[in-house]
Structure formats: structure tokens, C-alpha cells
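**Q** Would you be able to build a 3D model of this:
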Amino acid sequence: MLCDENLWVAPDGFFAIVFHVIASVTIRNFRALRNAGLSLQPFNLVIGPNGSGKTSLILALQRLRALARLPLHGSGTEEARGRVVGGPEISWHFTPPFDGLEAVMRCVSDTECDFLDVVSLPSGEGQGDWPKLRAALTGIRCYVLDHRALGSRSLSREGAELKSDGANLATVLAALQMHAPKAFEELRDELCRILPEYDDLQWVFAKDGTVELQLRLAGSGELIAADHLSQGTLYLLGLLALAYDPTPPPVVCIEEIDRGFHPRLLRDVRDVLYRLSYPEASGLKRAPAQVIATTHSPFMLDLFGEHPEEVVLAEKHGAEARFTRLSERKDLAEVLAEGGLGDMWYAGILGGVPQESGLPVEAEKNDNPDDHRG
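**A** Numbering: from 1, shown residues only. Okay, here's the model as predicted:
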């Protein structure tokens, strides 16, 4: 139930005004992130080479969600004293009405964090509102969509929310039509606009309790089962299912949003995800979802030339990685005067590229222009 465009109703019934949940994160000695900090916006596109900390950031968010569901440990407890001094630590700060709280995760290794403490700060709101903040943090969802999972049949009882790989897509969309028919109609219309070769979205309920997704070809009326659809079509359906959820998670992480898409479709992919972070632009009266997405596509990056504040550059220096928001570059205007963001990134001018490459830049870029899966 949504009562106001800035009001989010948590699963346990708490109400909170949320523009985006997480204000910033500071990471020390966690995987490749030895000493990294990042302020987070409503929408965050993270770019960079393999091993530069993109996935580490998402893993940290997943661990925050898991630990938020458990009882808190105080800083003076035996568990806290047992943490290694100077060991891995991740600190989270939040936006109002929770900017008076800090969440600190401590780890037993550089990959495994098992301790969460929440402390009140000297200033800010919500020092006593951990239950409300906890409700938001336990709503964090992270996705690595897989076309095989997206195209599979799913049980009719699995339609509450999309699984991390998209395995229950058919049931989620069927449930959306039953419980939010207006949102479903808008999803279907958007699908058919982006992929005009189709004119309808349907499913079949089998006797074994599973649901199979089908798309209808425009003109012929032929029904194509989900397991015969292209990878890009299935990925698009997965993103649409997230974007048209009437009550999406407060924080959504998606890896490789360019996967399986032709470059001409990437603007539509961006706009679908923008629906999550900027619902008011779509006429929606719900709170925004904070999005952290990764890409390896220079074509996707080109679409953010007017919004460099949404782009996070992950860079690797030896064994250490760090984050820089693109809008913080003092020479950004000069860089953009020379060409598009994608070309400048690919050429290495922006940084955030592999330290070594077996192919010359242009040869590597043109090796397979239709494959942008990274």
C-alpha cells in the first residue's frame, strides 16, 4: 500500500520517507577494496575492468542485507572484541530520516563479514529508528539474471518476487496480471513497443502446477515459448518485471545490464531501469528504488553523457581497487569535447580499463560488435 509518492511501506508495516536509502559506503580490506569510499545516488552505473571492485560492492550489499536480519552485536561484546584489529570493515551511512545512524560490518576474512553493529551519530535523524532502517535493508535485492533460468517453467506458488537469477519470471508476471492489472498492461505495452515483432504476452498453466511464459508474434499470432526466445528478449522481460513491480525493493543491484542486448536497445534498457529510480517521471506515486548496476558496454556508457553524476568509475591499481564518481573529474568537460563517454573510456582516457590487454584497443573493440556481455 502506497499513500504518498515519498512514502515507502516496509514489509513489517513501518512507514518511512525514503528518497534513496544508502548515502555512502566506506570499505577497508574487503577483497580488492583495500581503502575505498563511495557516495551513492538514486541511480548508479558502475563501470570498470574485471577485478576492480564492482562485484565486491554488490557482495557487500548482499552481506549487509543478510546481517540486518540477525540480532545486532554491540561494540563492546565478546564477538566484537574477537574481531581482528585492522581487519576488513565496511561502514554504511544513510539518507534522512536515517542519517543519524551508522552501520558497521566487521569480518573474519577479506571475503566473509559476520558482524554488524549499528551506532548513533552525534547529529542527524533516526538515532532510535533501527527497526525502520532494518526493514529497508532487509529489502535489498541483487540480481544476476540468467537466460536459461528466465526461460524456464516455474511453480505457480513462486510469484511473490523475482528470484536472483530470474528463475520464476513466468509466475511473477502471471501474478502481476492478477494483482496489478494496470501495471501488467503497461509492461506488456512497453515490451511490444521495444520489440514490435510481438503483440502479446501470455502463459500456460500446466497440470503439474508450473507456469510457462509465451510471447505472440505480431501478424501470424504464433505463440513462442519462453525457452525458444532470444537471450536479449528474456533479459528484457526480467528487467521489465523489476521495473513494473508496484512495490519494488528499496535497493536493487543488477550485474551486467547490457548482457544480451543489441546497442540500439540499450537506451530502452536504461529507461526501463530509470523507472525504478525516478518513478515520478513515469507518473508513479511510489518511493524510488535505489539502483546499483554494472556494465562493460561503452555503448551503454555513452547514454550517460548528460548525467556523469550517475557513473561510478572502478579502477584497479595493482592489487587495490577504488571508486571515483565521473562527475568529480575536473577535466570532464574537456574529455567530453573530444568524443562520447564510451569512446573516451574504451580508449583509456577516463581510466577504469584493464591494465594489460592482449589485443590493440581498436582490434579488441571491433572483434565482435554485437557482443557486449563483458
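**Q** Any stretches of this structure with poor pLDDT?
**A** When residues are selected by pLDDT under 70, those of the chain lie in 1-19, 74-86, 356-374.
**Q** middle-most residue in it, spatially?
**A** For the chain, the residue nearest the mean C-alpha position is residue 253 (2.1 Å; CA atoms, centre = their mean).
**Q** Please verify my assumption that it contacts residue 139.
**A** No - contact criterion CB atoms under 8 Å: residue 253 and residue 139 do not qualify, at 12.0 Å. The way it works is simple: take the backbone N, C-alpha and C, and place the C-beta from them, glycine included.
**Q** Could you pull up the residues touching residue 214?
**A** Counting by CB atoms under 8 Å, 6 or more residues apart in numbering, residue 214 touches 201, 202, 203, 204, 223, 224, 225, 226.
**Q** Please pick the buried ones from those residues.
**A** Buried by 16 or more other CB atoms under 10 Å: 201, 203, 224, 226, out of the contacts of residue 214.
**Q** So which of those sit within strands?
**A** 201, 203, 224 (DSSP state E).
**Q** Surely the second one and residue 210 touch.
**A** Spelled out, it's residue 203. No - the pair residue 203 / residue 210 is not scored as a contact, 9.9 Å apart, by CB under 8 Å.
**Q** any idea how far residue 123 is from the residue lying closest to residue 173 once chain neighbours are set aside?
**A** Closest residue to residue 173 apart from its sequence neighbours, by CB to CB, 6 or more residues apart in numbering: residue 241 at 6.0 Å. The gap separating residue 241 from residue 123 is 40 Å, by CB to CB, to the nearest Å.
**Q** Please identify which of the two sits among more neighbours.
**A** residue 241 (22 against 8; other CB atoms under 10 Å).
**Q** looking at this, the more buried one is in a strand?
**A** No - counting by DSSP: H, G, I helix; E, B strand; the rest coil, residue 241 is not found in a strand; it is helix.
**Q** distance between whatever helix or strand residue 178 lives in and the chain's centre?
**A** Here residue 178, judged by DSSP states H and E, is contained in helix 169-179. For helix 169-179, the separation from the chain centroid amounts to 21 Å (computed by CA atoms, centre = their mean, to the nearest Å).
**Q** Whichever helix or strand comes after it: which residues count as buried?
**A** Using DSSP H and E, the helix or strand that follows helix 169-179 in sequence is helix 181-194. Neighbour-count burial for helix 181-194 flags 183, 184, 186, 187, 188, 190, 191, 192, 194 (criterion: 16+ other CB under 10 Å).
**Q** Buried residues in stretch 147-162, which are they?
**A** Result for stretch 147-162 [16+ other CB under 10 Å]: buried residues 147, 149, 150, 151, 152, 153, 154, 156, 158, 159, 161, 162.
**Q** Kindly indicate which of those lies nearest residue 237.
**A** Set against residue 237, the nearest of the buried residues of stretch 147-162 by CB to CB is residue 150 (6.6 Å).
**Q** My guess is that closest one contacts residue 163. True?
**A** No - counting by CB under 8 Å, residue 150 does not reach residue 163; the two are 9.8 Å apart.
**Q** helix, strand or coil for the residue sitting furthest away from the middle of the chain?
**A** Going by CA atoms, centre = their mean, the residue of the chain most distant from its centre is residue 220, 36.6 Å out. What three-state DSSP gives for residue 220 is coil.
**Q** residue contacts, the residue nearest to residue 173?
**A** Per CB under 8 Å, 6+ apart, neighbours of residue 241: 162, 166, 169, 172, 173, 176, 187.
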